[in-house]
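> sequence plus the predicted model coming up.
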Amino acid sequence: MNSPDSTGKPGFVLPAKKALGQHFLHERHYIDNIVLAVNPKPGDTLVEIGPGQGAITFPLLRKHGSLTAIEFDRDLIAPLTEAAKGVGDLTIIHRDVLSVDFTDLAAGGKLRLVGNLPYNLSSPILFHALDHAAAITDMHFMLQKEVVDRMAAGPGSKVYGRLSVMLQAYCDVTPLFVVPPGAFRPPPKVDSAVVRMVPKAPSQIAVRDPKRLEAVVRAAFGQRRKTLRNALSSVCDTDMIEAAGIRPESRAEQIEVADFIALANLPYGDAVEQP
Ligand code: SAM
């Protein structure tokens with residue numbers, strides 16, 4: 001087994017497993033840009049989701065000296081461990097990332113998450129991370145560009161929807177750069193993009209009841225062509241929509257994140273479905 005060389009190439013190559021969403025990044029330019037975007041500082045606790053063959057792992061390890069990586073593919077654990085020797089302090093957690101409690105892992109501190117995520121699991125991973133937002137400083141994730149566009153979209157955009165509102169209610173979302181299919185082996189069918197997410201401080205989060213916000217936003221975008229008066233009829237009445245300062249004739253795609261939060265924060269009674 002070879003150690004990763006100074007260009008950051010992994011010291012091993014295994015066939016990619018489609019079921020685990022394995023598309024290994026190999027273009028140096030994009031790897032460098034991810035490391036630059038993360039810009040680890042002394043004392044940071046870096047956690048990588050899905051290190052694969054180490055394309056991002058080893059450049060980060062070389063720069064920072066230590067990193068924890070969460071990898072589900074058993075076949076990658078031994079080669080990664082071997083390749084990290086002499087490069088830095090790599091701790092590998094062999095688990096499904098969705099079963100990892102980031103709050104426990106942070107042990108009272110805060111994590112900086114990084115990952116070229118398995119695209120089939122990207123939304124569950126995003127929401128799992130949000131459940132532990134208080135233990136996370138920031139996240140730099142590679143996702144399908146189409147997903148990043150939806151995450152960062154604002155009112156008036158065709159792709160503004162449930163994902164945009166539910167993430168932006170809790171995080172600042174900034175798309176950083178696009179990565180073409182040819183940068184990966186095997187190439188995915190679509191463009192990818194790197195996004196930065198910074199959880200808001202608890203004092204900046206206006207949401208009183210996350211489940212209620214979820215119910216309101218789901219109903220609003222579930223029937224996005226309808227007016228809110230109709231789309232929201234199962235979760236609130238017209239008076240409530242007006243009390244939140246929203247025109248009942250408007251459609252979900254026109255409503256600011258803050259206005260969805262204001263509506264979800266209103267007291268609601270037995271007249272409407274509970275979330
Ligand atoms: N970071 C590597 C790179 O950029 O070349 C690999 C990225 S690849 C798109 C996704 C990685 O996530 C793979 O290594 C895959 O085995 C891993 N993975 C897939 N499902 C996972 C899960 N549920 N928990 C943890 N890792 C997972």
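Okay, I see it.

> around the ligand, pick out the residues from this protein.
Residues of the chain that fall close to the ligand, judged by Cβ under 6 Å from any ligand atom: 20-25, 49-53, 55-56, 70-73, 96-98, 116, 118, 121. The C-beta positions use only the backbone N, C-alpha and C, and glycine is treated the same way.

> among those, which are in strands?
Using DSSP state E, the members of the residues of the chain next to the ligand that fall in strands are 24-25, 49, 70, 116.

> ok, which stretches of the protein are helices?
Ranges of helices in the chain, per DSSP state H, are 28-38, 57-64, 74-83, 102-106, 122-131, 145-152, 162-168, 210-222, 228-231, 238-243, 257-265.

> now the fifth one: mean pLDDT?
Spelled out, it's helix 122-131. Helix 122-131 carries an average pLDDT of 96.

> which residues does it contact?
Under the criterion Cβ atoms under 8 Å, 6 or more residues apart in numbering, residues 49, 97-98, 102, 113, 115, 117-118, 136, 139, 141, 143-144, 147, 151, 163, 166-167, 170-171, 197, 199 lie in contact with helix 122-131.

> just the buried residues of the residues of the chain next to the ligand.
Buried members of these, counted by 16 or more other Cβ atoms under 10 Å: 20-25, 49-53, 55-56, 70-73, 97, 116, 118, 121.

> need the buried ones from the contacts of helix 122-131 selected in ChimeraX.
To isolate the buried members of these in ChimeraX, using 16+ other Cβ under 10 Å:
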select :49,97,102,113,115,117,118,136,139,141,143,144,147,151,163,166,167,170,171,197,199
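
> neighbours around residue 239, how many?
Counted with other Cβ atoms under 10 Å, residues neighbouring residue 239 total 10.

> ok, residue 89 next?
11.

> likewise for residue 268?
Count around residue 268 with other Cβ under 10 Å applied: 20.

> with residue 13 instead?
Using other Cβ under 10 Å, residue 13 has 12 other residues around it.

> what of residue 226?
15.

> same deal with the one 5 residues further on?
For residue 231, the tally of surrounding residues (other Cβ under 10 Å) stands at 20.

> for it, which non-adjacent residue is closest in space?
residue 223 (4.3 Å; Cβ to Cβ, 6 or more residues apart in numbering).

> pretty sure the one you found contacts residue 229?
No - counting by Cβ atoms under 8 Å, residue 223 stays clear of residue 229, with 11.2 Å between them.

> ok, back up a step: tell me how far the residue nearest to residue 231 lies from residue 168.
From residue 223 across to residue 168, the span is 21 Å (Cβ to Cβ, to the nearest Å).
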